[in-house]
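[1] Quick one, what's the 3D model for this:
(chains A and B)
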2 protein chains.
Amino acid sequence: MALKKLKPKNLWAVDIDKKILDKGENLKIIDKGYLNPEKPLKNSDLVIICLYPKDTLNFIKSNIKNFKNKAIITDVSGIKANLVKEINLILRDDLDFIGGHPMAGREFKGFDYASKDLFNGANYIMTPSNKNKSKNIKIIEDIIKAMGFKNIVKITPERHDEIIALTSQLPHILSVAMVNGCKVKNIDSFIGGSFKDIIRVANINSKLWTELLINNNENIIEKLNIFKENILKIENIIKNNNEKALNKLFENTRKKMEENIK
Amino acid sequence: MALKKLKPKNLWAVDIDKKILDKGENLKIIDKGYLNPEKPLKNSDLVIICLYPKDTLNFIKSNIKNFKNKAIITDVSGIKANLVKEINLILRDDLDFIGGHPMAGREFKGFDYASKDLFNGANYIMTPSNKNKSKNIKIIEDIIKAMGFKNIVKITPERHDEIIALTSQLPHILSVAMVNGCKVKNIDSFIGGSFKDIIRVANINSKLWTELLINNNENIIEKLNIFKENILKIENIIKNNNEKALNKLFENTRKKMEENIK
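    The predicted structure is shown next:
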């Protein structure tokens, strides 16, 4: 939907679900939908693969002969280090793969929850390498900006996975742990905004998040350890009734929020 | 603002800040504001004390002679067990104190962030005792419903503190621990919805939350332990690359969300 606003010459979609392709065509979100990727791939200058990480690799593998000469390929996978490495091992020399991660999602999946405004004001992480052509990086950047993203950062795939363990995967783990720790009957009557916010993403896409977390486990364990240290710090202060220390910790937290997060 | 919509015969406010009282009068949110509580208290059938827990007790103590005969007193404090006990120790026999906790707040404080719609659809917890007159409980309930609250539950002050440790205080602790664990430069460029949601309340009112947490430390430690067990469970699954167990845990979490939280 966000791409359609940019009025590309041709916007084709490949999916395994004919009904969704028909829906996309009928709503004029895509120009044409295909179950078989061969034809659209052979004619596409830019391919955006929106699949789970392993499926992204498998799609490129099984279609390696179908991509148009010198096509740009990008993805939306939430983990990058291993994926980019493995893609580069099998990629044709003329093709240019540039890793991408739109930092915007919903706690629901599927076409029915699509929105042309989801990306407005969101962050986008790119993981280009020195193998990528700079004019191709520029093309991707221009498209991303035009789609509504506010902020594009370029980092290595390894740094991406390290940061994302903290800014996306840890919040999902906390959310799931909160929900699993709830044993209150009729809890719905006792919750306020802070609880609702924290548990929102516990309505999780199990298959996707299992893959994301298992594949980034070392970074996650590291971030979890830092988080647990901070929890323990607060716990000890509360245990010792240390009002002064708790107040100071809260003041420092507020300052950190003001300085770092808009 | 939400009370004004109910068109009470007189709506008076007591505050230590003359400017805020003037603002309330000028905007016609209150009929009259007072720095000295004596006169409005002597003429009020219902008093809603909106102060921090200790200040709530101190206000009642220092004004114990000022309350009108048979007045109903309620509060909005986020902790209840000790407070209700101590209030009952000093309360005049003709007065009826009924504990209340509106489960709606914002991560900002002060009059400028007031909204007449804040309570719409929110939960309200009452902690009445068998000392309270049932007609007075009914009066409070009717007002709460008319103010926009969706759901009123009545529990003991002790049960309130136990549940609130999980549904309000734990989310605030996680939020603060997350922010304190962040050491990424320009983190603002790497965050998505899940992170933003979890850190929202870390912009915390230090004085209030220090008081709330220290006064409910036993319940909080208990809930923190359950939470930490759940974190450890997920951590071990991730460490062992146990895709099957992680997928199952996520599926169970989703089911729990669907069954318990609207």
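[2] What does the one residue in the stretch 1-150 of chain A that gets nearest to chain B show for phi and psi?
    Residue nearest to chain B within the stretch 1-150 of chain A (Cβ to the nearest Cβ): A:Met103, separated by 3.9 Å. In this view, the C-beta of every residue, glycine as well, is placed from N, C-alpha and C. The phi/psi pair for A:Met103 (degrees, to the nearest 10) reads phi -90, psi 60.
[3] That one bridge partners, please.
    Note on A:Met103: beta-bridge partners by DSSP bridges are A:Asn123.
[4] Just give the number of residues close to it.
    The tally of other residues near A:Met103 (other Cβ atoms under 10 Å in any protein chain shown) stands at 23.
[5] low pLDDT regions in the stretch 151-262 of chain A?
    Within the stretch 151-262 of chain A, the ranges that satisfy pLDDT under 70 run A:262.
[6] Let me see the contact set for the residue of the stretch 1-150 of chain A closest to chain B.
    A:122-125, A:167-168, B:190-192 (Cβ atoms under 8 Å, 6 or more residues apart in numbering or on different chains).
[7] burial of A:Gly100, as a residue count?
    21.
[8] what residues are up against it?
    A:48, A:74-76, A:124-127, A:140, A:144.
[9] Give me the most central residue, chain A.
    A:Gly78 (4.1 Å; Cα atoms, centre = their mean).
[10] so which strand or helix has the residue nearest to that one when sequence neighbours are not counted?
    The spatial neighbour of A:Gly78 that comes closest, neighbours along the chain excluded (Cβ to Cβ, 6 or more residues apart in numbering or on different chains), is A:Leu212 at 5.0 Å. Element membership of A:Leu212 [criterion: DSSP states H and E] is helix A:206-215.
[11] helices or strands next to that helix in the packing?
    helix A:53-62, helix A:170-180, helix B:243-260 (3 or more Cβ pairs under 8 Å, 6 or more residues apart in numbering or on different chains; DSSP states H and E).
[12] Tell me which of those lies nearest to B:Ile87.
    Taking Cβ to Cβ, helix A:170-180 is the member of the helices and strands packed on helix A:206-215 nearest to B:Ile87, at 32.1 Å.
[13] and the angle from that closest one to helix B:243-260?
    60 degrees (axes from the mean of the first three to the mean of the last three Cα atoms, to 10 degrees).
[14] Can you give me the buried ones in the helix or strand just after helix A:170-180?
    Going down the chain from helix A:170-180, the next helix or strand is helix A:193-199, by DSSP H and E. Neighbour counts over helix A:193-199 (16 or more other Cβ atoms under 10 Å in any protein chain shown) mark A:193-195, A:197-199 as buried.
[15] can you check stretch A:226-243 too?
    Going by 16+ other Cβ under 10 Å, stretch A:226-243 has these buried residues: A:226-228, A:230-231, A:233-235, A:237-238, A:243.
[16] Among these, which ones are in helices?
    A:226-228, A:230-231, A:233-235, A:237-238, A:243 (DSSP state H).
[17] Look up how far A:Glu86 lies from the residue of the stretch 1-150 of chain A closest to chain B.
    As judged by Cβ to Cβ, to the nearest Å, A:Met103 and A:Glu86 stand 23 Å apart.
[18] Next: A:Ile73.
    14 Å.
[19] From the neighbour counts alone, determine which of those two ranks first.
    The residue with more neighbours, out of A:Ile73 and A:Glu86, is A:Ile73; 23 against 16, by other Cβ under 10 Å.
[20] need the contact list for the closest residue in space to A:Ala245 that isn't next to it in sequence.
    In space, A:Ala245 comes closest to A:Ile237 once its chain neighbours are excluded; the distance is 4.7 Å by Cβ to Cβ, 6+ apart. When contacts are counted by Cβ under 8 Å, 6+ apart, A:Ile237 touches A:245-246, A:249.
[21] Quick one: the residues you listed as JSON lines, columns for distance to A:Leu41 and neighbour count too.
    Listed next are the contacts of A:Ile237 as JSON lines, based on distance: Cβ to Cβ, whole Å; neighbours: other Cβ atoms under 10 Å in any protein chain shown:
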{"residue": "A:Ala245", "distance to A:Leu41": "60", "neighbour count": "16"}
{"residue": "A:Leu246", "distance to A:Leu41": "58", "neighbour count": "21"}
{"residue": "A:Leu249", "distance to A:Leu41": "54", "neighbour count": "21"}
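[22] Of these, just say which sits nearest to chain B.
    Among the contacts of A:Ile237, and counting by Cβ to the nearest Cβ, the member closest to chain B is A:Leu246, at 4.6 Å.
[23] surely that closest one meets B:Ile214?
    Yes: A:Leu246 lies in contact with B:Ile214 (Cβ atoms under 8 Å); the separation is 6.6 Å.
[24] got any residues that touch both of the two?
    Common neighbours of A:Leu246 and B:Ile214 (criterion: Cβ under 8 Å, 6+ apart): A:Ile238.
[25] For the buried residues of helix A:193-199, give me JSON lines that also has distance to chain B.
    Shown next, in JSON lines, are these (distance: Cβ to the nearest Cβ, whole Å):
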{"residue": "A:Gly193", "distance to chain B": "7"}
{"residue": "A:Ser194", "distance to chain B": "4"}
{"residue": "A:Phe195", "distance to chain B": "5"}
{"residue": "A:Asp197", "distance to chain B": "4"}
{"residue": "A:Ile198", "distance to chain B": "5"}
{"residue": "A:Ile199", "distance to chain B": "7"}
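[26] Kindly indicate which of the residues you listed lies nearest A:Asn219.
    Distance to A:Asn219 across the buried residues of helix A:193-199 (Cβ to Cβ) is lowest for A:Ile198, with 21.6 Å.
[27] how about the nearest residue to that closest one, chain neighbours excluded?
    Once flanking residues are discounted, A:Ile198 sits nearest to B:Pro171: 4.6 Å by Cβ to Cβ, 6+ apart.
[28] wait, that neighbour sits on A:Ile191?
    No: using Cβ under 8 Å, B:Pro171 is not in contact with A:Ile191; the gap is 9.0 Å.
[29] Domain map for chain A?
    As assigned by automatic domain parsing, chain A contains the domains A:4-156, A:160-260.
[30] could you redo those domains as JSON lines and give each row distance to B:Ser134?
    Compiled in JSON lines, these are given as follows (distance: least, Cβ to Cβ, whole Å):
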{"stretch": "domain A:4-156", "distance to B:Ser134": "42"}
{"stretch": "domain A:160-260", "distance to B:Ser134": "21"}
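[31] Out of these, which one sits most buried?
    domain A:160-260 (a mean of 20; mean count of other Cβ atoms under 10 Å in any protein chain shown).
[32] Go ahead and measure how far that domain is from the middle of the chain.
    Offset of domain A:160-260 from its chain centre (Cα atoms, centre = their mean, to the nearest Å): 19 Å.
[33] again, but for stretch A:1-18
    19 Å.
[34] Can that stretch be said to contact chain B?
    No: interface with chain B: stretch A:1-18 contributes nothing (Cβ under 8 Å from any Cβ of the partner chain), its closest point being 15.9 Å away.
[35] I would like the residues contacting that stretch, please.
    Against stretch A:1-18 from outside (Cβ under 8 Å, 6+ apart): A:21, A:24, A:28-37, A:40-41, A:43-44, A:48, A:114-119, A:143, A:146-148.
[36] Equivalent analysis for stretch A:68-80, please.
    Counting by Cβ under 8 Å, 6+ apart, A:41-53, A:56, A:60, A:67, A:83, A:94-102, A:127, A:136, A:139-140, A:157-158, A:160-161, A:164, A:168, A:208, A:212, A:215-216 sit against stretch A:68-80.
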